[in-house]
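Q: task: produce atomic coordinates for the following.
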Amino acid sequence: MKDAGAKEPAAGVLVVGYGNALRGDDGLGPRAAERIATDPRLRGAEILALHQLTPEVAADMRDASLVVLVDARAGDEPGAITVRRVDASSEPTSAPSHHVEPAALAGLARELWGATPEVCAVTVGAASFDGGEHLSPAVERALPGVVDAVAAIVADHRHA
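A: Here you go, the predicted structure:
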């Protein structure tokens, strides 16, 4: 029998995988979100698969103690996974309908909702952003490592 006071392992966690699934490796974020949603280590987390980060995501950050953003990144070695902390920016955001950078999104959540969750980014070096629904082999191979990285961030956060 489940303890009524027991929390899900990833309660209070928001994971956002974002990118264009029709632009090759840019589809990493949504593909990773699909896998993360089925990982038992991340049970209880709110998982979003989005085309891009928009100001509306700041509202989703209101009740989170941890936000993990997952995306492909140009300029890094294809398939290389990088984890970094994102500090809230005090710079104003762009027009509401446009893409918002991670630091600006964290700043917007703080400004509008008083939300100050820990924010981390998990990025994977992309090989190609050409049209198509398939990930490059290097990025496809990195998917399990992305899920493991998110699970490790969540575990570290829970024990902090």
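
Q: from here on, just use CA atoms for contacts and neighbour counts.
A: OK.

Q: beta partners for the spatially most central residue of the chain?
A: With distances taken as Cα atoms, centre = their mean, Leu69 lies nearest the centre of the chain, 1.9 Å away. On DSSP bridges, the residues paired with Leu69 through beta bridges are Val16, Ala121.

Q: look up how far Val146 lies from the nearest residue to His134 once chain neighbours are set aside.
A: Counting by Cα to Cα, 6 or more residues apart in numbering, His134 lies nearest to Gly24, which is 5.4 Å off, once chain neighbours are set aside. As defined by Cα to Cα, to the nearest Å, Gly24 lies at a distance of 17 Å from Val146.

Q: equivalent analysis for Ala72, please.
A: Remark: distance between Ala72 and Val146 (Cα to Cα) = 11 Å.

Q: any residues in contact with both of these two?
A: Common neighbours of Ala72 and Val146, using Cα atoms under 8 Å, 6 or more residues apart in numbering, are Val124.

Q: tell me the contacts of the nearest residue to Ala58 once chain neighbours are set aside?
A: Of all residues beyond its chain neighbours, the one nearest Ala58 is Ala109 (4.5 Å), with distances taken as Cα to Cα, 6+ apart. With contact taken as Cα under 8 Å, 6+ apart, Ala109 is in contact with 58-59, 61-62, 115-116.

Q: in this protein, which spans are strands?
A: In the chain, strands defined by DSSP state E lie at 13-18, 46-50, 66-73, 81-85, 118-125, listed in chain order.

Q: report the backbone C-alpha coordinates of the fourth one in PDB.
A: Included here for strand 81-85 are C-alpha records, laid out as PDB according to Å, rounded to 0.1, in the frame of the first residue of the first chain:
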ATOM      1  CA  ILE A  81      25.800  16.000 -23.900                       C
ATOM      2  CA  THR A  82      26.300  19.200 -21.800                       C
ATOM      3  CA  VAL A  83      24.600  20.000 -18.500                       C
ATOM      4  CA  ARG A  84      24.600  23.500 -17.200                       C
ATOM      5  CA  ARG A  85      22.800  25.600 -14.700                       C
END
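
Q: so what touches it?
A: In this structure, residues lying in contact with strand 81-85 by Cα under 8 Å, 6+ apart are 118-125, 142, 145-146, 149.

Q: and the angle for the top helix by length along the chain with strand 66-73?
A: Using DSSP state H to define each element, the chain has its longest helix at helix 137-158. For helix 137-158 against strand 66-73, the angle between stretch directions is 170 degrees (axes from the mean of the first three to the mean of the last three Cα atoms, to 10 degrees).
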